[in-house]
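**Student:** coordinates only, no sequence provided:
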């Protein structure tokens, strides 16, 4: 996967935690959503969150009315403020996506998703610009320019797909982008605007976006696109099965913007993968599995080589593009199910959040980092067969030697997720796949979702500890190694404890 | 208002707190909603909560699909369970209203409200009955029959209005009622089903409902209707002004079911006013005022004479029948605004929650009750002019004598709400009517929403304390009187304190 | 241990959770104590809590002063109320122990413990009686007679030991008991008073207590004693090693009051073991081990055969009889260490709290119960060698067949504690025995304290599931068995998931 | 009081919130203490907290033992860590006071306070130095040098009084200081050490302390003393009455260190008043009154002119120098009573916490500041007669003009505390002075403790608003003035609301 092992030192970039995806932002008003986000932020700590629908009708922002014989528009931020207040209180900032079209401003009726996001251009670009300016002005008034200038502002979503932008009309997108970017900059020149938020397979749009920006001198502060690797779909009711391309395909998709934009005016800009996942389907059971965590591990380990952020789509199963979920495990994108049951991919992220910021070594099945206080953390993963043709190897063995300073022994804490451990879906099936589990069943699932833990003491020789790791199928393992300072008093003799073997 | 003062003793019924209304139940997934409901339950403590939309698409219950060539229906309770779990955790039970029609089962396209509740009859009564049975069966499985049999089940909402039931077709409603009631009873005969949830001015439907139930031997466990007193509307953008009929009109509306149903099979059934308010508009600023609390006080004091419950419509401004609110104070039904700012009517309910269960005296401007431990509580209110022609008297005076046992002095705690106190809307206007207040402004509003408090010690003579109360315009006052047991030691001499006047 | 296996049905008594011990009640003011008690009550749920020192100086109750030339006594309940308020808020009631002697009322200077509880008789029995009456009167005023009459009131602690009662003067104790009991009954005849709270090996005091009570017609509502099984001590600094007698010895000690009191006036009274443990030392590392949980398991399983309660001494290491602890694990009595790290014995109690109230079977290494909803729970434990001569068997195997109704398959959840799992002390040692662990080390310890969990699906044959359990050394295991209702839809095919073995 | 009014601009120093006092640090383990500190930090936000007894026996730090025939000492930080963890979690840092003497290290038996702090010199200065080093080393290990070097370390408390230091032996203190300071610096030279923590009236010790430090080249990083103004005491049981000197006396006491130390090596050092209050008695009812807040207001307004900090002694009535309190209001030092009832002095501090950091004007009865966003805050207070000869004026009037930028109207929020408002003690007395109030009484007290609030809109003329303030006896008032931006829509007409006077 990672073609060249790296040995040496350097800063380990944390592009992996820069941003995370969410179902439409209106869902942020919900308690289950906020409970999940709180857990996520306590244990992982993303910096930004991005979702659709900020300007859709459910948010109640664009409110036309008649008064004294004329049509006027009121802009209302009751819900926007509740959402953003909640985000900031949870220590995460909005990565603003401007869309979709309010019904009162839309030029057509076409909608996307169960929740009916209108995907037609504005009837009036002037009224759209006024909406954008009113929104940004309000945010700056409420949260301060100092704060809001740190929030990227992305124009629309996947305009290269007819489902998301009527006719996938590129020229119309360029116009929307220009009107929006200029409106944003009128509020304050330091606000950051970008796009074009392309779906995979449309990199030629990048070339023309760069050319358009240059020709018309349109402000662009960052470039964004999406990445997915799923193959053809086989549908069952409320579910979809797909094969996947190799995980390297995600890294390859990440890499193209910097490559293609070389030599253009957009060449040095930050690149954000504002959505990525294996399958783009919110009902693909692969998302719920240990397989998925092992599949993504090398992507998280190396994605930062290529981009400034890559945003997992999405943090929670509180997501309604295909309607409200019909079962607790339903193949949703979420790192968490409703009710905060952690999926294996959640643990992959939680493990990444425990890595140090110094990169010691990276290979096709491992990542080794060090913390400023000397602790060494290892992420290791089993190889997977994304084609689905084989189950992948039942065991995978790996030997590493890691440095430990100033101690003769090391304390080793290992946390593992595989088909059996840290795997609530497995317990859920054994339990009878309860669609809406009772509280006592949720207790079991929360318990089953915890990784297996082991704690060892190992000898340090020549300043290094040898780790001999055997991973089971689809296992992702975190190993944390720290020096032992023994405070046991001199008179301690564990053999005196009742029930101890005489040594 | 209350035509005959009552002196004497008796149990004071708490029909006023039996039930409270809510915006569509899907909103119960939201955090602001749950925060408001928590506050409400901590300080008031309603028993049941009733709202529309349990079966509407947003709840995701009715999910048709194709499999092996046939149309089938899956029933999904992901959100229903989140809502009911939240209610029960907050100490309140659902008063189930079955409606509106899921799109996949509807016979037409007609909808009501901004959020588009479908108001057409089911395309298949059999599929509707299956939906009802699946829902009740699931609830019984999850929460236990012992619990669910305490939840009233109301069939549809205001079928006498074309906005809520296509064509206001009475025969179609009778059919829906019968199919539903039988489906409920098939799940368990002890479940309680009722209707017809009439809007005001349609009491003749009650006669025919009774006749229908009798003729077809249809189960009816309770009777329900609604009560409002508003007059003609004058609209401004996002707002409506109306005059009101006298508050007695609400009591008169409460009284009719028992009167009309005398002699029918429904005669002895519980009567629930499943919605009441002054104005039926969710954008009438009257709802936000001290006037409103003073207007409703006599209704809360006497409503229990006529019915088993009368449910204030609604507890929170988290309500979207006319779309998301465009300003913090917007004339919403809520006892609480978004962000939990208490309105005067909230305090009226909070005051009622401090009344005792023994009725000592009731008059046109007061209610006197006693607690088992001897504490006496007085609710007093200023008269209002509901016509809007005059502002009502600027002062109102009232003298009461209340019993205090076993002490020579009484401690008196008075809590008052009027145009100036316990009145966040007044402060909000002075502040500049901020549509979406900043956190520091919300702090001021929460503070301004607290009632004025006074604490006195009064002498007890012949076992009674005289209360001489002067109420300002639209004031509602709670007076709590308890015996003083003085524990100050014998050497106490307050005059020794620095800064005390020599006495 | 349990000499005769029991097969059959009956109510399983929960004397094991009736009461739990605590360090002196003043410690209940502390936050760590309350945090621990909250956890305990959430997961185990004891009914009563008993500790020393209610009337000791630290509680500030007995406050003599001079005024107008005379000595007077003020009784102050500032701390008593804070403690009892906290207990009731946490869902536990006080089992009141009256003692030790306030300095201002003591006849001597002799004290017990690091915290200096005065163990001398009152200088004035009249002033003692006034203290007792004032205390009970205050409690009844604040909490209600209805409540306080459910709180047992025990007179003093272990008067048969000179350390606890000057000279172990039996006659002086009888006098104290009589004065106290009569004072209690003067407050209200329904209050429950008892004693004599004997330490082990003094059952002859019971005979004379019964005789005394009968002769003088002294009120006795319950009988209490203590039970411990430790042998001779070998001390190291801040620690003690002891061998233990067999656990059966505890059950034997429990049994004597009912036996000895047969035929006396005290014969039918409730018997409370108001303290029990293996070692009576608060610095014996045995308390922190899996050995200890396995040792106690049969006592919890059978103790209710002999007494109305047996109260584990104590729930938390927040305990100062030998001074503040010098290391996180120090051999304290606690089920929990400071900072809420669970010891194996905590899990034993938490497992017991999941047992049903119907006893299906009990043997020397297991207990099988059933819940009203049909769930079957099994507690199993490995045998231990209390003499310390051998480590006990490294494995223990056990086969059981348990009933499961109405399903073809059962879901089995197993939770295990042994030398390696659910055993924070083991991790703590590997970590270097940090005396005051840092927050990151506490995180590891909390994690290491969680039992190992497994979740299986097993076939049901002839209405029974066979359980084949292999226990490791000192393991205590909880197995919970419930019927599977499979809700997986017909189209489910797990083999379609990526990474699954073809079957 | 403040002799020269100041008009102009400058930074308003916040020495007033730099530090606050506490009862002995062991009390920080208690929940009521932590609840109070949380409230304090949420609403006021002190930076440091200082109390006695860090090394006293109750903290369990110094633990001598015998092993292999020799006396050794173990240092244990179980409680120190719980205390400091709690402080840091609440956003406050320890101002370490090293004392009193552990029993095992003391040269004598003399103790101070009900809780028996040993005030004798160490038996071995070497063992004392080891204790100091072990403590600081542990703190640096656990919290980091970066953190601990911000914690001032004060050597002992009031050595000039025989109650606190045997014989008030100055030479012995100098020796203790030197040994301690050198021990601290051995841990790390950047740690800050100081003293001599003098009681009032002993400023001559300062001269000799400076001389001693210079002569022996002893490290001194800051200078500390205490300030109190109470006169002769008249005792009643559990209470003391005293007259007070004028508040200016506190400022005068603050001023002396800088004056006296001019020209010495200690001249430029920070000066900390590590304790101040009016009366030094923990049972003086003056502490509980509005008088006290008005008395202290000018001290808080001007103290920062003289010193780097002045620490109110103490934040909570959880304080036991004279034993556990015998009544809720007992004249304790606390800003808060047990159970978090706010006293008037609490509000004085909470009002100060709302002041801006730009000083606009200061006079003998007011302080005017501005915030960066333009808000102006005014603290005003009524004059008091500290002699107790007169009650002070019943009214006090004050006119101020304050700047408001960019608006035609200002929103004014006034919060007032006086004999009647924000004054739980007044309500408590009317209620019967319940020594240990019931929960319902505590509710009333919490409510009565809230300041009176008013909200106005005033016109702005020539960029200024005129404030005409009438203060009642002992009133302390906070006035917050901000510009109004009116968002009311053009169609708003409040006269249309029901119950409004026609204008």
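**Tutor:** Received the coordinates, thanks. As the structure is a computational prediction, the values presented were derived from the model and not from experiment.
**Student:** list the buried residues in stretch A:126-137.
**Tutor:** Along stretch A:126-137, the positions that meet the burial threshold by neighbour count (16 or more other C-beta atoms under 10 Å in any protein chain shown) are A:127, A:128, A:129, A:130, A:131, A:132, A:133, A:134, A:135, A:136. Bear in mind the C-beta positions are built from the backbone N, C-alpha and C, glycine included.
**Student:** name the SS class of the fourth one, please.
**Tutor:** Think residue A:130. The assignment at residue A:130 comes out as helix when based on DSSP: H, G, I helix; E, B strand; the rest coil.
**Student:** residue contacts, it?
**Tutor:** Residues counted as contacts of residue A:130 (C-beta atoms under 8 Å, 6 or more residues apart in numbering or on different chains) are A:73, A:183.
**Student:** residues contacting residue A:496?
**Tutor:** Going by C-beta under 8 Å, 6+ apart, the list of residues near residue A:496 reads C:234, C:241.
**Student:** hang on, the earlier thing: export the buried residues of stretch A:126-137 to TSV and append columns for pLDDT.
**Tutor:** Supplementary listing: the buried residues of stretch A:126-137 in TSV, determined by pLDDT from 0 to 100:
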residue	pLDDT
A:127	98
A:128	98
A:129	98
A:130	98
A:131	98
A:132	98
A:133	98
A:134	98
A:135	98
A:136	98
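**Student:** and the residues you listed, which is closest to chain D?
**Tutor:** Closest to chain D out of the buried residues of stretch A:126-137 is residue A:134 (12.9 Å), distances taken as C-beta to the nearest C-beta.
**Student:** wait, a helix at the closest one?
**Tutor:** Yes - assessed by three-state DSSP, residue A:134 belongs to a helix.
**Student:** count of neighbours near residue A:282?
**Tutor:** The criterion is other C-beta atoms under 10 Å in any protein chain shown. On that basis, residue A:282 has 24 neighbouring residues.
**Student:** just the buried residues of stretch A:373-385, please?
**Tutor:** Taking 16+ other C-beta under 10 Å as the basis for neighbour counts, the residues of stretch A:373-385 that come out buried are A:375, A:376, A:377, A:378, A:379, A:380, A:381, A:382, A:383, A:384, A:385.
**Student:** tell me which of the residues you listed fall in strands.
**Tutor:** In strands, judged by DSSP state E, the following of these are found: A:376, A:377, A:378, A:379, A:380, A:381.
**Student:** my guess is the last one contacts residue A:300, does it?
**Tutor:** Translated: residue A:381. No - with contacts counted by C-beta atoms under 8 Å, residue A:381 stays clear of residue A:300, the gap being 9.7 Å.
**Student:** got the contact list for residue A:378?
**Tutor:** By C-beta under 8 Å, 6+ apart, residue A:378 lies in contact with A:366, A:367, A:368, A:400, A:402, A:467, A:469, A:477, A:478, A:479, A:480, A:481.
**Student:** kindly report the same for residue A:57.
**Tutor:** With C-beta under 8 Å, 6+ apart, residue A:57 has these contacts: A:102, A:103, A:118.
**Student:** same check on residue A:254?
**Tutor:** A:227, A:271, A:273, A:276, A:303, A:306, A:307, A:310.
**Student:** from these, which is closest to chain B?
**Tutor:** Relative to chain B, and with distances defined as C-beta to the nearest C-beta, the nearest of the contacts of residue A:254 is residue A:276, at 26.3 Å.
**Student:** can you count the residues close to the closest one?
**Tutor:** Using other C-beta under 10 Å as the criterion, the residues surrounding residue A:276 number 25.
**Student:** tell me the SS of the closest residue to chain C within the stretch 251-400 of chain A?
**Tutor:** Across the stretch 251-400 of chain A, no residue is closer to chain C than residue A:291, which sits at 3.7 Å (C-beta to the nearest C-beta). State at residue A:291, reduced to three classes by three-state DSSP: helix.
**Student:** distance of it from residue A:244?
**Tutor:** In this structure, residue A:291 and residue A:244 are 9 Å apart, going by C-beta to C-beta, to the nearest Å.
**Student:** ok, the two, which is more surrounded?
**Tutor:** Each of residue A:291 and residue A:244 had its neighbours counted (other C-beta under 10 Å), and the higher figure belongs to residue A:291 (30 against 24).
**Student:** shouldn't the more buried one be in contact with residue A:476?
**Tutor:** No - look at residue A:291 against residue A:476 with C-beta under 8 Å: they stay out of range, at 10.2 Å.
**Student:** do stretch A:49-56 and chain B meet?
**Tutor:** No - Stretch A:49-56 lies out of reach of chain B by C-beta under 8 Å from any C-beta of the partner chain, never closer than 11.4 Å.
**Student:** which among the buried residues of stretch A:373-385 gets closest to chain D?
**Tutor:** Each of those was checked against chain D using C-beta to the nearest C-beta; the closest is residue A:375, at 15.1 Å.
**Student:** quick one, what contacts the closest one?
**Tutor:** Contact criterion C-beta under 8 Å, 6+ apart gives A:356, A:480, A:481, A:482 as the residues in contact with residue A:375.
**Student:** next: residue A:412.
**Tutor:** By C-beta under 8 Å, 6+ apart, the contact list for residue A:412 reads A:454, A:455, A:456, A:457, A:458, A:465, A:467, A:479, A:480, A:481.
**Student:** could you redo the last one with a cut-off of 7 Å?
**Tutor:** Each residue near residue A:412 by C-beta atoms under 7 Å, 6 or more residues apart in numbering or on different chains is listed here: A:456, A:458, A:479, A:481.
**Student:** so stretch A:141-156, near chain D or not?
**Tutor:** No - Stretch A:141-156 lies out of reach of chain D by C-beta under 7 Å from any C-beta of the partner chain, never closer than 9.5 Å.
**Student:** can you name the residues in contact with that stretch?
**Tutor:** Applying C-beta under 7 Å, 6+ apart, the set of residues contacting stretch A:141-156 is A:81, A:84, A:93-99, A:139-140, A:165, A:173, A:176-177, A:180-181, A:184, A:188, A:190-195, A:197, A:222, A:224, A:272, A:274, B:438.
**Student:** and residue A:388, what pLDDT?
**Tutor:** At residue A:388, the model reports a pLDDT of 85.
**Student:** give me the three-state assignment for it.
**Tutor:** coil.
**Student:** still on that earlier bit, excluding its backbone neighbours, what's nearest the residue of the stretch 251-400 of chain A closest to chain C?
**Tutor:** Nearest in space to residue A:291, with sequence neighbours left out and distances taken as C-beta to C-beta, 6 or more residues apart in numbering or on different chains, is residue C:499 at 3.7 Å.
**Student:** verify the contact between that neighbour and residue A:475 for me.
**Tutor:** No - under the criterion of C-beta atoms under 7 Å, residue C:499 makes no contact with residue A:475, lying 11.5 Å away.
**Student:** so those two - more neighbours on which side?
**Tutor:** For residue C:499 against residue A:475, the residue with the higher neighbour count under other C-beta under 10 Å is residue A:475, and the figures read 26 against 22.
**Student:** who are the contact partners of the residue nearest the centre of chain A?
**Tutor:** In chain A, the centroid-proximal residue (C-alpha atoms, centre = their mean) is residue A:312; its distance is 2.2 Å. For residue A:312, the residues meeting the contact criterion (C-beta under 7 Å, 6+ apart) are A:20, A:21, A:276, A:277, A:335.
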